[in-house]
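Participant: Sequence and predicted structure are below.
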Amino acid sequence: MSEPWTTERTSRLFKALDAHLDEAADLRRRIHAEPRLGGDEQHTTDQIVAALGLPSEPVAGTGALVRVGPAEGPSVGLRAELDALPVLETGDLPWRSTNGSMHACGHDVHMAAAFAVAKAVQQEGGPLPLLLVLQPREETYPSGAKDVTLSPELATHDVRAFIGAHVQPRLPDGEFSAVPGPVNAAADEFSIRVNGRPGHAAYPHLTADPVVAAADLIGTLQHLISRQVDPTNPTVLTVGSISGGNSPNVVPSAVQMEGILRTFDEKDRVRLHRALETTSTAVCDVHGCDAEVEVSLGAPVLDNDLALATAASSWIEHCGLVQGRPLRSCGADDFSFYSPLVPSLMVFVGVGAGGPEEPGLHHPDFLPSDRTVGDVARAMLAAYLGGCSTVEEIALPEPPRAEPV
């Protein structure tokens, strides 16, 4: 590089970030007011690309890649999710959503923060090119991250590290967690159809009741977790939907169940997939019914890289955020599709009091303040610098001490 990375230069980069935060907050409000569900994010992508004023290339359908810096050489990727959730917002702010969808998972904050980082690197340059990945379909299947990783467009950018950040109401405002190792679970959806023999409720002996079989099965499936999985491996099985029958006086022909399995251990994941089918078949057979089981593979375990987590944490601490308690969650994020390819890091940024009583992710009242855009942006920029330092052993100065915000 023609100009070494001095403390003064890194300080200019963070000052440039701060200078774009008002613009980023305005963009956040516009995105929040017009949320788009997975697969329909093109309007959101166009808004961000237009605000950046940089060339972009489409990826994974409605997503886009925006490279900031030289066109050649290795880069560091920064992911921002585009999609909203089918949640009806209950607030009364002037910029609340009115279309029946909502950025109830903080993706509006992530996008605005990533925009501010890209503008700062565009203005001041960076140790390595920054590849902004505007990723669709984080909340839905098929996974947008998986499609990005398989795209020929991504392959041309020689990404050596990936950075992501997520708001987290389980951490107090002003704190962050960027611990190495697994931090989010693999999440696989499953469906079970219990087929029975219908008939009159007065003559149950002439039927094969799928409702009773399904009730028995739900309880038995929980024993797969409590008695067949090492209790030190976080594992959750949830049956979130069940339907069958339309009359209190009729034994129906079938019951449909939908659920999700969350695991931190790949061996548990594979074994439980098999156990779902064998257990469902056995339990339903006792009741004279049969079971049809389908498992849809979702995001794998999200694994934070040790070197990247260490380097990024040092920079984030010097940006004014405090290292909070190590946060690991059975929640899932398709950012995990990037970590098998290159060293990756998901940073959790606190946005609340850290207590269970306040609205959490996916809640219709969840609404982090605009100040959060700055916290997430600083964490993203700091993690990007940490990523640069691990990719090619670029000599960066010690992180500058943050000035009070």
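Facilitator: Now that the structure is in, tell me what you want to look at.
Participant: Find the nearest non-adjacent residue to the spatially most central residue of the chain, please.
Facilitator: For the chain, residue 333 is the residue whose C-alpha lies nearest the centre (Cα atoms, centre = their mean; 3.1 Å). Of all residues beyond its chain neighbours, the one nearest residue 333 is residue 184 (5.2 Å), with distances taken as Cβ to Cβ, 6 or more residues apart in numbering. Just so you know, the C-beta spots here come from the backbone N, C-alpha and C atoms, and that holds for glycine as well.
Participant: Check which residues of the helix or strand in which residue 294 is found are buried.
Facilitator: Residue 294 belongs to strand 290-296 when assigned by DSSP states H and E. Of all the residues in strand 290-296, those buried under the rule 16 or more other Cβ atoms under 10 Å are 290, 291, 293, 295.
Participant: Now tabulate the residues you listed in TSV and tack on pLDDT and distance to residue 46.
Facilitator: Formatted as TSV, the entries for the buried residues of strand 290-296 read as follows, by pLDDT from 0 to 100; distance: Cβ to Cβ, whole Å:
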residue	pLDDT	distance to residue 46
290	97	50
291	98	46
293	98	41
295	97	36
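Participant: Nearest to residue 323, out of those residues: which one, please.
Facilitator: The closest of the buried residues of strand 290-296 to residue 323 turns out to be residue 295 (Cβ to Cβ; 37.6 Å).
Participant: Can you tell me the closest non-neighbouring residue to that closest one?
Facilitator: Leaving aside its sequence neighbours, residue 295 sits nearest to residue 190 (Cβ to Cβ, 6+ apart; 4.7 Å).
Participant: Residue 288 now?
Facilitator: Closest residue in space to residue 288, ignoring its immediate chain neighbours: residue 208 at 3.6 Å, by Cβ to Cβ, 6+ apart.
Participant: list the contacts for the one you found?
Facilitator: For residue 208, the contact set (Cβ atoms under 8 Å, 6 or more residues apart in numbering) comprises 196, 197, 287, 288, 289.
Participant: Relative to residue 290, how far out is it?
Facilitator: In this structure, residue 208 lies at 9 Å from residue 290, with Cβ to Cβ, to the nearest Å as the measure.
Participant: residues near the nearest residue to residue 265 once chain neighbours are set aside, how many?
Facilitator: Leaving aside its chain neighbours, residue 265 sits nearest to residue 233 (4.6 Å; criterion: Cβ to Cβ, 6+ apart). Residues lying near residue 233 (other Cβ atoms under 10 Å) number 15.
Participant: what's the answer for residue 39, then?
Facilitator: Neighbouring residues of residue 39 were enumerated by other Cβ under 10 Å; the total is 14.
Participant: From residue 83, how far off is the nearest residue to it once chain neighbours are set aside?
Facilitator: Distances taken as Cβ to Cβ, 6+ apart put residue 137 closest to residue 39, at 6.1 Å, once the chain neighbours are dropped. Residue 137 sits 6 Å away from residue 83 when distances are taken as Cβ to Cβ.
Participant: who touches both of these two?
Facilitator: Common neighbours of residue 137 and residue 83 (criterion: Cβ under 8 Å, 6+ apart): 38, 39, 41, 144.
Participant: Just send those back as TSV, with secondary structure and distance to residue 31 too.
Facilitator: Below are the shared contacts of residue 137 and residue 83 laid out as TSV (DSSP: H, G, I helix; E, B strand; the rest coil; distance: Cβ to Cβ, whole Å):
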residue	secondary structure	distance to residue 31
38	coil	15
39	coil	17
41	coil	10
144	helix	16
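Participant: which one of these sits closest to residue 72?
Facilitator: For the shared contacts of residue 137 and residue 83, the minimum distance to residue 72 (Cβ to Cβ) is 26.6 Å, reached by residue 144.
Participant: Pull up the per-residue confidence for that closest one.
Facilitator: In this prediction, residue 144 carries a pLDDT score of 97.
Participant: now swap in residue 41 and tell me
Facilitator: Checking the pLDDT column for residue 41, the value is 98.
Participant: pretty sure it is in contact with residue 82, am I right?
Facilitator: Yes - using Cβ atoms under 8 Å, residue 41 is in contact with residue 82, at 3.9 Å.
Participant: Between those two, tell me which one has more neighbours.
Facilitator: Neighbour tally, residue 41 and residue 82, criterion other Cβ under 10 Å: the higher count belongs to residue 82, 32 against 29.
Participant: Confirm for me that that one is in contact with residue 43.
Facilitator: No - using Cβ under 8 Å, residue 82 makes no contact with residue 43, being 9.7 Å away.
Participant: For those two, list the residues in contact with both.
Facilitator: Contacts common to residue 82 and residue 43, judged by Cβ under 8 Å, 6+ apart, are residue 36.
Participant: quick check, distance from the strand holding residue 294 to the centre of its chain.
Facilitator: Taking Cα atoms, centre = their mean, to the nearest Å, one finds strand 290-296 lying 26 Å from the centre of the chain it belongs to.
Participant: quick thing: my sequence starts at 392, can you match it?
Facilitator: That works, and once the first residue is 392, the last one we named lands at strand 681-687.
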